[in-house]
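In: structure of the sequence below:
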Amino acid sequence: MLLDGAHNPAGARTLADLLVESFPARPRAFVLGVSGDKPVRRIIESFRIDDHDHDHCCAAQNPRALPPDQLAAIVAEATGARTDVCPTVSEAVDRARNTAGPGGLVVVTGSLYVVAEARVELGLAGAQ
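Out: Predicted structure coming up:
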C-alpha cells in the first residue's frame, strides 16, 4: 500500500513516475478523493491511470471534497478505468485491498484529507 497526497497535477505526475519506476506491471487499485476546488481532470490525467487499473472514488469528511459520484464520472471519462463509488475512505480502502489482490498495489491519493483518513483506517494514526 502506498499513500501519497498528490493533490495537484505536479504531485500526481511525480507519483505516476514513481509507480512506473518502482512498481512496474503490478495490478493497481487506486483510492481517489480530490477536493472540488482543485483542477480535478488535470490531476486525474496526471496519475496516468489506465484501463487495467481499478479506481475506488471516495470523499474525505471535508466540505471541500468533490462528491465521489462526480469524481467517478470524471475518472471514467478521462481514463477508461473501472471505477467504483464509495461513500467513505474506509470503504474505498477495503474495496481496493480486495481488488488489488495478492501482489497488487493499493494507491491512496488525490487529497491529504483522504490520506489522513486512510492512515486512521489502517491504524497508522490516531483518530482526530
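
In: the closest residue in space to residue 58 that isn't next to it in sequence: what secondary structure?
Out: Of all residues not flanking residue 58 in the chain, residue 92 sits nearest, at 3.9 Å (CB to CB, 6 or more residues apart in numbering). Bear in mind the C-beta positions are built from the backbone N, C-alpha and C, glycine included. Put simply, residue 92 is helix when judged by DSSP: H, G, I helix; E, B strand; the rest coil.

In: hang on, residue 92 packs against residue 57?
Out: Yes: judged on CB atoms under 8 Å, residue 92 makes contact with residue 57 at a distance of 7.3 Å.

In: if we can go back for a sec, now do the contacts for the residue nearest to residue 58.
Out: Contacts of residue 92 were listed using CB atoms under 8 Å, 6 or more residues apart in numbering, and they are 31, 32, 33, 56, 57, 58, 84, 86.

In: relative to residue 9, how far out is the last one?
Out: Between residue 86 and residue 9 the computed distance is 24 Å (CB to CB, to the nearest Å).

In: the more surrounded of these two?
Out: residue 86 (22 against 17; other CB atoms under 10 Å).

In: quick one, what contacts the more buried one?
Out: Residues near residue 86 by CB under 8 Å, 6+ apart: 56, 57, 58, 68, 92, 95.

In: tally up the residues packed near the fourth one, please.
Out: The number of residues packed near residue 68 is 25, by other CB under 10 Å.

In: quickly list what's touching both of residue 92 and residue 57.
Out: By CB under 8 Å, 6+ apart, residue 92 and residue 57 have these common neighbours: 32, 33, 84, 86.

In: which non-adjacent residue is nearest the third one?
Out: Okay, so that is residue 84. Leaving out its chain neighbours, the residue that sits closest to residue 84 by CB to CB, 6+ apart is residue 56, at 4.9 Å.

In: any idea what that neighbour is bridged to?
Out: According to DSSP bridges, the partner residues bridging residue 56 are residue 31, residue 84.
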